[in-house]
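J.: Sharing a sequence plus its predicted fold:
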Amino acid sequence: MKIVGIIPARMAASRFPGKPLAALRDHPMIEHVYKRAARATSLAAVYIATPDREIFDAATGFGAPAIMTSATHARASDRVGEAARGLDADVFVNIQGDEPLVEPAALELLCDAIRADPAAACFNLVNRFSSDKDFLNRNQIKVVTDLDSRVLYMSREPIPYRPDTADVPLVRQLGIIAFRRDFLETFTRLRPTPLERAESIDMLRALEHGFPVRAVSCPYESFGIDTPEDLEIAARRLAADPLTTALFAECSKTRP
């Protein structure tokens, strides 16, 4: 089974324009995401998919293979679907370009789940909330599942209601979704759905059309960048992160 990662990125993000190229420790944010994802040995390759020449040029400048895509996509998964059409792989992992602390081990865990469950077509990495503040944050996507880890619903609102009254794990979607090739092609042909548009969550399109999405629990925390203020938090975390130090030390050694 060949698995590749695709990082969708665009300059015109509504909440933070130019976000992929925002500087983090003297490197564009998307470079952090790419270098960390490329450390996952289960991924045969990692590509950056973008409609923007600035991102394409930056990616090729730090050694990432990049694919130009249409500027008309409203959802990251549709951009991944377009890029995937020209690639030879069985599974495509959508790795959001605003997750500069993504753990390679988390990607390995997702790939292990794909290999272990050949009947499932779509997998979504999730982890538990560690704070009430994050649970109440509308930029964090909450996930509820059935007893077999199939996703029931996703929302930007804090769900479920009154979780303190029951033994219910409070989990969020991480920006890492795996699609088998056939399902990715199907997904991108589905018409957008009302709840997908209302919540601005890609995976609701699959759920509203009746396709199952499997949640894969992950112990590794990440940190998504939604606002310029989040950059400061990420910079502090990266300063204490040994993988970041190792990755960019290697980068400096390869420069002429």
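T.: Happy to help now that I have it.

J.: contacting residues around the residue nearest in space to the middle of the chain?
T.: Geometric centre of the chain, nearest residue: residue 175, 2.6 Å, by Cα atoms, centre = their mean. Contact analysis of residue 175 by Cβ atoms under 8 Å, 6 or more residues apart in numbering lists 94-96, 98-99, 102, 222, 224. Bear in mind the C-beta positions are built from the backbone N, C-alpha and C, glycine included.

J.: Restricted to strands, list these.
T.: Using DSSP state E, 94-95 are the members of the contacts of residue 175 that sit in strands.

J.: between the contacts of residue 175, which has the most around it?
T.: residue 95 (31 neighbours; other Cβ atoms under 10 Å).

J.: my read: it touches residue 102, true?
T.: Yes: if you go by Cβ atoms under 8 Å, residue 95 and residue 102 touch, sitting 6.6 Å apart.

J.: low pLDDT regions in the stretch 1-150 of the chain?
T.: Scanning the stretch 1-150 of the chain for pLDDT under 70 picks out 14.

J.: how about the strands in it?
T.: For the stretch 1-150 of the chain, strands defined by DSSP state E, counting those that start in this stretch occupy the ranges 3-8, 23-24, 27-28, 45-50, 66-68, 91-95, 122-128, 142-145.

J.: Report the distance from the first one to the chain centre.
T.: To tie it back to what came earlier, the one meant is strand 3-8. Strand 3-8 sits 9 Å away from the centroid of its parent chain (Cα atoms, centre = their mean, to the nearest Å).

J.: follow-up on the earlier one: list residues touching both of residue 95 and residue 102?
T.: Counting by Cβ under 8 Å, 6+ apart, the residues touching both residue 95 and residue 102 are 33, 37, 175-176.

J.: Please flag which of the residues you listed sit within helices.
T.: Those of the shared contacts of residue 95 and residue 102 mapping onto helices are 33, 37, per DSSP state H.

J.: Same list, the shared contacts of residue 95 and residue 102, but as JSON lines with distance to residue 125 please.
T.: Below are those laid out as JSON lines (distance: Cβ to Cβ, whole Å):
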{"residue": "33", "distance to residue 125": "14"}
{"residue": "37", "distance to residue 125": "12"}
{"residue": "175", "distance to residue 125": "8"}
{"residue": "176", "distance to residue 125": "4"}
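
J.: Helices along the stretch 151-256 of the chain, start to end?
T.: Assigned by DSSP state H, counting those that start in this stretch, the stretch 151-256 of the chain shows helices spanning 181-189, 194-199, 203-208, 228-239, 242-254.

J.: re the thing from before, what sits against the closest residue to the residue nearest to the centre of the chain other than its chain neighbours?
T.: For residue 175, ignoring the flanking residues on the chain, the nearest one in space by Cβ to Cβ, 6 or more residues apart in numbering is residue 96 at 2.8 Å. Contacts for residue 96 (Cβ under 8 Å, 6+ apart) come out as 7-8, 33, 76, 175-176, 224.

J.: swap in residue 97?
T.: 7-9, 19-20, 29-30, 33, 48.

J.: just residue 212 next, same as before
T.: By Cβ under 8 Å, 6+ apart, the contact set of residue 212 is 120-122, 150-151, 206.

J.: what does residue 168 give?
T.: By Cβ under 8 Å, 6+ apart, residue 168 lies in contact with residue 160.

J.: Likewise for the one 10 residues further on?
T.: Contacts for residue 178 were tallied using Cβ under 8 Å, 6+ apart; they are 3, 91-94, 110-111, 114, 122-124.

J.: before we move on, what about residue 43?
T.: Residue 43 makes contact with 3-5, 37, 93, 107, 111, according to Cβ under 8 Å, 6+ apart.

J.: repeat that with 7 Å
T.: Each residue near residue 43 by Cβ atoms under 7 Å, 6 or more residues apart in numbering is listed here: 3-5, 37, 93, 107.

J.: same check, this time on residue 99
T.: Listed by Cβ under 7 Å, 6+ apart, the contact set of residue 99 reads 33, 175, 222, 224.
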